[in-house]
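In: here is the input, now give the coordinates:
(chains A, B, C and D)
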2 protein chains.
Amino acid sequence: MKSIGEIIRELREQKSLLLRQVAAEIEIDQALLSKIERNERMPTKDQVKRFAKFFGKDENELLVSFFSDKLVYEVRNEEVALKAMQVAEKKINYIIKSKNGK
Amino acid sequence: MKSIGEIIRELREQKSLLLRQVAAEIEIDQALLSKIERNERMPTKDQVKRFAKFFGKDENELLVSFFSDKLVYEVRNEEVALKAMQVAEKKINYIIKSKNGK
DNA sequence: TATTTTTGGACATAAAATGTCAAGTCAAAT
DNA sequence: ATTTGACTTGACATTTTATGTCCAAAAATA
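Out: Numbers count the residues shown, from 1 in each chain, chains lettered A, B, ... in the order given. As a prediction, this is how the structure comes out:
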């Protein structure tokens, strides 16, 4: 189960590209990219989209990695992390059902 | 499946207390409490603990409501919301297993 | 309608996140 | 051993997002 940072680093290495080359494409500082790859900083949603486009990866696939990382981060160190996540999933399901005309 | 705000409002109404009375106990502005109860503002973790104590409710139970609300909020309006939540749950499970000596 | 309770909205403040720069480390090449 | 190139680190700046406050308006109640 890879983090968004690990995924980006792997994609970059598969193409044998340098930090500065990818950073230029995505239009971010190379130091920031370095941090993103090591999960020291989270990218923005928009940057994730640009990564997907640049690497020719499915956008939603990367977005799922991105948002799931953010969700985990939100409850890191919380005793109730897992329980909260399970309840949140139920709430989401409920919301989705409501939207689809019941 | 109630939100943290709905829960707090119900607890307050069960005891027939006014916003200003509970707000004073929790040491927050009564306008803020009004907003919290209507999910217009999220309380802080510490405030949730004080609510639990004041209303004689299980702290973890309220914290689960609180954090699950935050998790849902994080991916509101996202197409990939449910999928991200499911993946996040797997990641949490994985992290927990790692902690418990594998 | 007078009083009390609750809500709305603009604004202030604080917290958390992302972004930048320059200096630093490390390895490979020369 | 020195230079070069790639990457990392850390302090700080900037931006974004959240919480908190005040006061007036609205709603409910007496």
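
In: sketch out the strands for chain A, chain order is fine.
Out: Using DSSP state E, chain A contains no strands.

In: DNA strand C contacts on that one?
Out: Residues of chain A lying near DNA strand C by CB under 7 Å from any atom of the strand: A:28-29, A:31-32, A:35, A:41-44, A:47, A:73. All C-beta spots, glycine's among them, are computed from the backbone N, C-alpha and C.

In: which one of these sits closest to chain B?
Out: A:Tyr73 (9.3 Å; CB to the nearest CB).

In: follow-up on the earlier one: most neighbours of all the residues of chain A next to DNA strand C, which one?
Out: In terms of neighbours by other CB atoms under 10 Å in any protein chain shown, the residues of chain A next to DNA strand C top out with A:Pro43 at 23 neighbours.

In: residue nearest the centroid of chain A?
Out: By CA atoms, centre = their mean, chain A has its centre lying nearest to A:Phe66, at 1.4 Å.

In: report the two of the residues of chain A next to DNA strand C separated the most.
Out: Distances among the residues of chain A next to DNA strand C were taken as CB to CB; the most separated pair is A:Asp29 and A:Tyr73, at 21.6 Å.

In: so, low pLDDT: which residues of chain A?
Out: Scanning chain A for pLDDT under 70 picks out A:102.

In: helices or strands up against the biggest helix by length in it?
Out: Of all the segments of type helix in chain A, defined by DSSP state H, the longest one is helix A:81-99. Applying 3 or more CB pairs under 8 Å, 6 or more residues apart in numbering or on different chains; DSSP states H and E, one finds that helix A:81-99 contacts helix B:59-74, helix B:81-99.

In: buried deepest among these, which one?
Out: The highest mean neighbour count among the helices and strands packed on helix A:81-99, using mean count of other CB atoms under 10 Å in any protein chain shown, belongs to helix B:59-74: a mean of 20.

In: how far off centre is that one?
Out: In terms of CA atoms, centre = their mean, to the nearest Å, the centre of helix B:59-74 is set 4 Å apart from its chain centre.

In: so which elements touch that helix?
Out: helix A:59-74, helix A:81-99, helix B:4-14, helix B:45-55.

In: in CSV, list the C-alpha atoms belonging to that helix.
Out: Provided in CSV are the C-alpha atoms of helix B:59-74 (Å, rounded to 0.1, in the frame of the first residue of the first chain):
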residue,chain,number,x,y,z
GLU,B,59,-15.1,10.4,25.8
ASN,B,60,-14.1,8.0,23.1
GLU,B,61,-17.6,7.7,21.9
LEU,B,62,-17.8,11.5,21.3
LEU,B,63,-14.3,11.5,19.8
VAL,B,64,-15.3,8.9,17.3
SER,B,65,-18.2,11.1,16.2
PHE,B,66,-15.9,14.1,16.1
PHE,B,67,-13.1,12.5,14.0
SER,B,68,-15.4,10.7,11.7
ASP,B,69,-17.0,14.1,10.9
LYS,B,70,-13.6,15.5,10.2
LEU,B,71,-12.8,12.6,7.9
VAL,B,72,-16.0,13.0,6.0
TYR,B,73,-15.4,16.7,5.7
GLU,B,74,-12.0,16.1,4.3
